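Q: 3D, please:
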Amino acid sequence: MEALHHYFESGGYPVMFSILATLIISLGLVFERAYRLWMEFDLINSDGFMAMVQKMVMNNSIENAIRLCKKARPKLLPYVLAEGLKRSNDSTQEITNAVDYAVLTVSPKVNKGVSFLATTANVATLLGLLGTIFGLMRSFAAVAKATGAQKQTLLAEGISEALNATSFGLSTALFCLFAYGVLSAKQKSVNDDINKNASKLVDLLYTRKMKLKGAKKA
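A: As a prediction, the model looks like this:
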């Protein structure tokens, strides 16, 4: 604890606490988004789930497929599929519109917030550079006013302040950028999975419709 106190003191309290506040905000956002994307929104075995839905649709068990989707909430893919299944007896265009609207409804939930990590990374970097400037200003002031051993001490303190603030700012920025990359990749994965299976459902319901028409003609 004493070492941490000395680190913040030598780096300059205003800048160091500003960087710390940026880090805390980033950590909160990262944990919230990670929980949402991995635990709440993503359907891990989406292929297996889609296979069950397909089997029910082709057996004309639409209501069972809708119930299956409702049980899987708050996962986002089942919500999109359920919205399309509810319109299974409508025209293909109406089904497509319903699915597209459902996708547009869930997309903001997936994409929310992660881009802000790029901002916190830039803020942390700039705060670190600001700390560098304050430290250098302190060093130059020491050279201008102090003499002898006192000059060396003040110069060393100013350089220490500059380096500590810079290192803390850059470390925070690196964390934010790494988290941004990981979360962005997960966002893309969730969105791609939803879009792929939503299109598959539209095609599946169209195939079912054609099959029913063929059976009526026969």
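
Q: residue ranges with poor pLDDT in this protein?
A: Along the chain, segments meeting pLDDT under 70 span 1-11, 142-149, 151, 154-155, 157-158, 216-218.

Q: chain center to the lengthiest helix in the chain: distance?
A: Of all the segments assigned as helix in the chain under DSSP state H, the longest by residue count is helix 148-217. Between the centre of helix 148-217 and the centre of its host chain there is 5 Å, according to CA atoms, centre = their mean, to the nearest Å.

Q: what's near enough to touch the closest residue to Glu32 other than its chain neighbours?
A: If the residues on either side of it in the chain are set aside, Glu32 comes closest to Gly113, at 7.4 Å by CB to CB, 6 or more residues apart in numbering. C-betas here are computed from N, CA, C, even on glycine. Residues near Gly113 by CB atoms under 8 Å, 6 or more residues apart in numbering: Leu29, Glu32, Arg33.

Q: any chance of the residues you listed in TSV, plus secondary structure and distance to Asn45?
A: Conversion of the contacts of Gly113 to TSV gives the following (DSSP: H, G, I helix; E, B strand; the rest coil; distance: CB to CB, whole Å):
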residue	secondary structure	distance to Asn45
Leu29	helix	28
Glu32	helix	24
Arg33	helix	22
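
Q: from the residues you listed, keep the buried residues only.
A: Among the contacts of Gly113, those classed as buried by 16 or more other CB atoms under 10 Å are Leu29, Arg33.

Q: rewinding a little: secondary structure class for the residue nearest to Glu32?
A: Three-state call for Gly113 (DSSP: H, G, I helix; E, B strand; the rest coil): coil.

Q: can you tell me how far it sits from Ala72?
A: 24 Å (CB to CB, to the nearest Å).

Q: Leu126 too?
A: On the measure of CB to CB, Leu126 and Ala72 end up 44 Å apart.

Q: can you check Phe175 too?
A: Distance check for Phe175 against Ala72: by CB to CB, it reads 34 Å.
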